[in-house]
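*Asks:* everything below, folded, please.
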Amino acid sequence: METQLSKASFGAGCFWGVEAAFRRLAGVKSTQVGYMGGTTKNPTYEDVCTDRTGHAEVVEVTFDPQVISYHDLLEVFWSNHNPTTLNRQGPDVGAQYRSAIFYYSPEQLVEARASREAAQAKFPKPIVTQIVPASEFWRAEEYHQQYLEKRGQTHCHI
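*Replies:* This next block holds a predicted model:
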């Protein structure tokens, strides 16, 4: 019997560290970083950095829901960034660094909303995370893929 894989996409600031966090999880079959939620077709990193394309830096996670649940991925999402800062993560500022969950199904939407509500209890400030339908994913340039692994690093938090 063939396993049916699922997708999840998250924006949580700079995509390098976010990708590394998800890549380590059992049940995650692959990750790739890129851009989602904007208006420019086939944007480059330089385009997105202008903060004029509307895209967020995202990690697209392909996972086996028999091994890891969407709920578990959401828990990793909440624990790996600050969802209370609008268009900012640490020193990175701009809408491309926004906190966002891009959902692929009505079930993911329901679960993401419930997860955001549950996560709010852990943060003293209001969560500003967007929960929006997944749109076209534009894969980032190759040098961004598995960026930290290629440099022998495990995280990029300051």
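*Asks:* could you point out the longest helix in this structure?
*Replies:* helix 106-120 (DSSP state H).
*Asks:* right, and the helix or strand after that helix?
*Replies:* Moving toward the C-terminus from helix 106-120, the next helix or strand (DSSP states H and E) is strand 130-133.
*Asks:* list the helices and strands the longest helix of the chain packs on?
*Replies:* helix 70-79, strand 99-103, strand 130-133 (3 or more C-beta pairs under 8 Å, 6 or more residues apart in numbering; DSSP states H and E). No exception for glycine: its C-beta is placed from N, CA and C like everyone else's.
*Asks:* now the angle from the longest one to helix 106-120?
*Replies:* This means helix 70-79. Interaxial angle, helix 70-79 versus helix 106-120 (axes from the mean of the first three to the mean of the last three C-alpha atoms, to 10 degrees): 40 degrees.
*Asks:* I'd like the distance from helix 70-79 to the chain centre, please.
*Replies:* The chain centre lies 10 Å from the centre of helix 70-79; the measure is C-alpha atoms, centre = their mean, to the nearest Å.
*Asks:* run the angle between it and strand 99-103 for me.
*Replies:* Using the same axes, to 10 degrees: helix 70-79 against strand 99-103 is 170 degrees.
*Asks:* quick one: the helix or strand just after helix 70-79 to chain centroid distance?
*Replies:* The first helix or strand that comes after helix 70-79 along the chain, using DSSP H and E, is strand 88-89. Relative to its chain's centre, strand 88-89 lies at 13 Å (C-alpha atoms, centre = their mean).
*Asks:* going forward, begin numbering at 801 instead of 1
*Replies:* With 801 as the first residue, the last one maps to strand 888-889.
*Asks:* contacting residues around the longest helix of the chain?
*Replies:* The contact list for helix 906-920, computed with C-beta atoms under 8 Å, 6 or more residues apart in numbering, reads 808, 870-871, 874-875, 878, 883, 901, 903, 926-927, 929, 931, 933.
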